[in-house]
Structure formats: structure tokens, C-alpha cells
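Participant: structure, please.
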Amino acid sequence: MDRLIIESRGCIVKEEKLATIDSNIIKGTFVLETVNPFYGYYSADPEEKKSIPKTIFYILDQFYYNDDIARQ
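Facilitator: Coordinates of the predicted model:
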């Protein structure tokens with residue numbers, strides 16, 4: 001009996017709105033956070049209130065150690 005093997009590939013594009021964080025960042029850096037995290041990706045509850053950002057993006061022009069970023 002011959003086995004049928006089907007190979008497929010694909011991708012998912014997840015777009016989110018971002019906002020700038022201006023306080024408690026390293027001087028000269030650009031930091032973004034998600035405004036309304038993608039429903040179902042981070043939490044099953046769409047009404048969940050966030051006290052801290054779930055995702056932060058650091059746009060840097062030089063290398064920083066993780067410890068330096070975490071202390072800010």
C-alpha cells in the first residue's frame with residue numbers, strides 16, 4: 001500500500017498597533033509597546049486589563065547588555 005505524503009508550508013502575519021514609551025528608558029533609545037495585544041495570542045480574556053506591557057520592542061543603535069536594559 002502506497003502512502004501519500006503531502007508537504008505544505010505557510011505563514012501567519014500578526015499585525016499589532018504600537019505606541020512609544022517615553023519614561024523609564026535608557027536615554028537615546030526608542031522603545032515601543034503593544035497597544036491592544038492580539039486577542040487570543042496573549043490571553044483568552046479580551047477584557048483583561050494590562051498593568052504592564054506584555055510585549056516591548058527596543059530599537060537601538062548600539063549594543064546594550066540585558067542587565068542595563070532591565071534596570072531601566
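Participant: C-alpha from now on. contacts and neighbour counts both.
Facilitator: Noted.
Participant: centroid-nearest residue for this protein?
Facilitator: Nearest to the mean C-alpha position of the chain, by C-alpha atoms, centre = their mean, lies residue 55 at 3.8 Å.
Participant: where in the chain is pLDDT low?
Facilitator: 37-53, 72 (pLDDT under 70).
Participant: residue ranges for the strands of it, please.
Facilitator: 18-21, 30-34, 56-59 (DSSP state E).
Participant: the first one pairs with which strands?
Facilitator: Applying DSSP bridges to the sheet, strand 18-21 is found paired with strand 30-34 (antiparallel).
Participant: ok, residue 29 - contacts?
Facilitator: By C-alpha atoms under 8 Å, 6 or more residues apart in numbering, the contact set of residue 29 is 58, 59, 60, 61.
Participant: name all residues that make contact with the last one.
Facilitator: Right, the one you point to is residue 61. Residue 61 is in contact with residue 29, counting by C-alpha under 8 Å, 6+ apart.
Participant: any idea how far it lies from residue 27?
Facilitator: Using C-alpha to C-alpha, to the nearest Å, residue 61 is found at 12 Å from residue 27.
Participant: number of residues surrounding residue 33?
Facilitator: When counting by other C-alpha atoms under 10 Å, one arrives at 19 neighbours for residue 33.
Participant: what's around the closest residue to it other than its chain neighbours, how many residues?
Facilitator: Distances taken as C-alpha to C-alpha, 6 or more residues apart in numbering place residue 56 nearest to residue 33, at 4.5 Å, with adjacent residues excluded. Using other C-alpha under 10 Å, residue 56 has 15 other residues around it.
Participant: with residue 71 instead?
Facilitator: Residue 71 has 9 neighbouring residues, counting by other C-alpha under 10 Å.
Participant: quick one: it from residue 20, how far?
Facilitator: Distance, residue 71 to residue 20, by C-alpha to C-alpha: 19 Å.
Participant: determine which stretch of the strands of the chain is the most buried.
Facilitator: Among those, ranked by average contacts under mean count of other C-alpha atoms under 10 Å, first place goes to strand 30-34 (a mean of 17).
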